[in-house]
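[1] Attaching a predicted model along with its sequence, questions to come.
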Amino acid sequence: MPRLSMPIAASFPFGTACSTESPAEAARLVPMAAGQRVDPTTSVPQSPPIVIDHQDPPMDASMPAARQSCNLCGCTDARIVSMRDRDRRPLRTVMCTGCGLVRCDPIPDTAMLDQYYREHYRIDYKRQSAPSRRHILRAGRVALDRLSRLPAVSAQSPLGGRALDIGAGGGEFAYLLGRTTGLAVTGIEPNEGYAAHARQAFGLDLVVSSLHDAAPAGGSFDLITMFHVLEHLRDPGAALAQVAAWLAPGGLAVVEVPNVEATCQAPGHLFHAAHLYNFNAPALERMGQKVGLAPVACWFSDDQGNLSITLRRPVADAPLVALATASALSMPSNAARVWQVRSGHTPWRHRATLQPATRALRRIAGRIGETVALQRLPSDPRAMLDRLCDGWQAPVAGQRAF
Ligand SMILES: [Zn+2]
């Protein structure tokens with residue numbers, strides 16, 4: 001029986017892992033066929049694989065899609081988008097024809113996902129149970145880039161008080177958020193190794209928990225951030241409802257996910273067993289509206305590979321008004337749009353662009369730049385981020401400080 005499995009060996013990240021992993025690291029991370037061994041050249045001890053079973057019974061393209069209803073609009077009709085993940089292993093991905101939300105089909109169960117993220121995800125992604133210096137540097141730079149967008153966000157609703165970073169990973173963003181804004185930052189991180197590192201290295205207040213079991217102390221938050229988390233969750237609608245409940249009146253949520261409309265990567269490199277859902281901007285905004293949060297800003301990375309939306313909870317005394325009806329949630333035109341983008345992005349068209357070559361060159365240049373920077377930066381994680389932050393506060397125009 002064909003199955004997808006994740007090699008055991010370490011940790012989860014909500015958050016920064018996806019957005020900071022190098023393509024080379026990403027290419028190694030994913031599902032392995034049951035029984036397949038971990039690469040013996042890595043330093044990770046081998047252990048039996050934990051299976052994330054997307055296909056029991058085995059499925060093929062001739063079988064009807066949509067064994068589950070859509071998490072956004074409830075529609076049960078879907079079209080098959082892909083039968084392979086980015087490593088060419090079996091993974092069926094479908095698109096809801098009612099709204100354009102893309103998902104794995106079927107979705108693995110909650111217990112399996114919780115165990116995987118608690119114990120194994122980080123090693124699958126990074127081959128390590130705590131962040132390396134290179135990871136800290138990369139995550140620190142990404143965090144500063146995200147922080148550079150906060151002024152625009154806070155112009156919509158001034159920040160103050162308390163913040164929550166869901167999927168805090170190694171704690172780089174949470175630490176820098178607190179350092180640069182003065183907010184009291186709490187984090188949720190399901191992986192024990194990364195959470196322990198974040199506490200020790202940065203003195204962060206972190207809860208080790210999956211999102212659906214978390215109960216951060218202190219009540220409401222003025223800002224909640226969730227970078228590259230939502231696509232990993234079995235019930236993203238419930239997760240956003242939880243975020244809405246934790247926000248203070250007028251509070252903001254910043255949610256970043258991979259963009260399913262992206263064409264910066266080869267078409268066969270898009271889908272991933274750990275990404276249970278794939279969003280475009282209208283689907284993500286509508287999911288926020290479904291739980292009563294109003295979209296106030298939308299941002300795309302330079303290569304369009306990531307999208308981020310800012311959602312606001314209504315001000316004091318205004319109730320959360322959710323879009324509850326199927327007609328309000330239905331977006332067939334968005335489904336047509338997603339289908340057109342995905343079906344139009346063919347391998348030949350991708351190769352005809354300069355993107356494969358420019359991505360490869362950027363990757364090599366980035367790696368070299370990191371190696372040089374690491375020789376100049378302190379070894380201590382907090383001192384490294386402090387140095388990055390000092391350079392970020394007074395950057396030389398057109399250059400990185402490091
Ligand atoms: Zn739908």
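    Yep, it's here.

[2] going forward, measure contacts between C-alpha atoms and count neighbours the same way
    Fine.

[3] Neighbours of the closest residue to the ion within the stretch 201-350 of the chain, how many?
    Closest residue of the stretch 201-350 of the chain to the ion, CA to the ion: S330 (6.7 Å). S330 has 21 neighbours, counted by other CA atoms under 10 Å.

[4] next one: phi and psi at it?
    phi -70, psi 140 (degrees, to the nearest 10).

[5] G100 is in contact with that one, correct?
    No. Between S330 and G100 there is no contact under CA atoms under 8 Å: 9.1 Å.

[6] Next, the contact list for the residue of the stretch 101-250 of the chain found nearest the ion, please.
    Relative to the ion, the nearest point of the stretch 101-250 of the chain is L101 (5.5 Å; CA to the ion). The contact partners of L101, taken as CA atoms under 8 Å, 6 or more residues apart in numbering, are C70, L72, M95, Y277, N278, F279, N280, A283, A335.

[7] can you list these in TSV and add secondary structure, neighbour count and pLDDT?
    Listed next are those as TSV, based on DSSP: H, G, I helix; E, B strand; the rest coil; neighbours: other CA atoms under 10 Å; pLDDT from 0 to 100:
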residue	secondary structure	neighbour count	pLDDT
C70	coil	21	95
L72	coil	23	95
M95	strand	27	95
Y277	strand	28	97
N278	strand	26	97
F279	strand	23	98
N280	coil	23	97
A283	helix	23	97
A335	helix	23	96
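
[8] what about S333, which SS state?
    Three-state call for S333 (DSSP: H, G, I helix; E, B strand; the rest coil): helix.

[9] For it, grab the count of nearby residues.
    13.

[10] ok, now R387?
    15.

[11] What values do phi and psi take at the residue nearest to it when sequence neighbours are not counted?
    Once flanking residues are discounted, R387 sits nearest to L377: 7.4 Å by CA to CA, 6 or more residues apart in numbering. L377 adopts backbone torsions of phi -90, psi 150, taken as degrees, to the nearest 10.

[12] ok, so what distance separates L377 from the ion?
    Going from L377 to the ion by CA to the ion, to the nearest Å gives 47 Å.

[13] pretty sure that residue contacts M384?
    Yes. With contact defined as CA under 8 Å, L377 reaches M384; the gap is 5.8 Å.

[14] Low-confidence ranges, the stretch 1-150 of the chain, go.
    Within the stretch 1-150 of the chain, the segments meeting pLDDT under 70 span 1-67, 119-129.

[15] try it again with 90
    Applying pLDDT under 90 to the stretch 1-150 of the chain flags residues 1-68, 83-91, 106-132, 147-150.

[16] Spell out which residues of it are next to the ion.
    Contact residues, the stretch 1-150 of the chain versus the ion (CA under 5 Å from the ion): C70, L72, C73, C96, G98, C99.

[17] circling back to that earlier point, could you check how far the residue nearest to R387 is from V260?
    L377 sits 36 Å away from V260, going by CA to CA, to the nearest Å.

[18] Between the two, tell me which one has more neighbours.
    For the pair L377 and V260, the greater number of neighbours falls to V260 (23 against 17), based on other CA under 10 Å.

[19] Look up how far Q340 lies from the more buried one.
    For V260 relative to Q340 (CA to CA), the value is 12 Å.

[20] which stretch of helix or strand covers S308?
    strand 306-312 (DSSP states H and E).

[21] Partner strands of that strand, with direction?
    strand 247-258 (antiparallel), strand 294-300 (antiparallel) (DSSP bridges).

[22] out of the ones you listed, nearest to P314?
    strand 247-258 (5.2 Å; CA to CA).

[23] How about residues contacting the helix or strand harbouring E285?
    Counting by DSSP H and E, the element that carries E285 is helix 281-290. With CA under 8 Å, 6+ apart as the test, helix 281-290 has contacts from 72, 99-101, 237, 240, 259, 294-295, 298, 307, 309, 311, 322-324, 329, 334.
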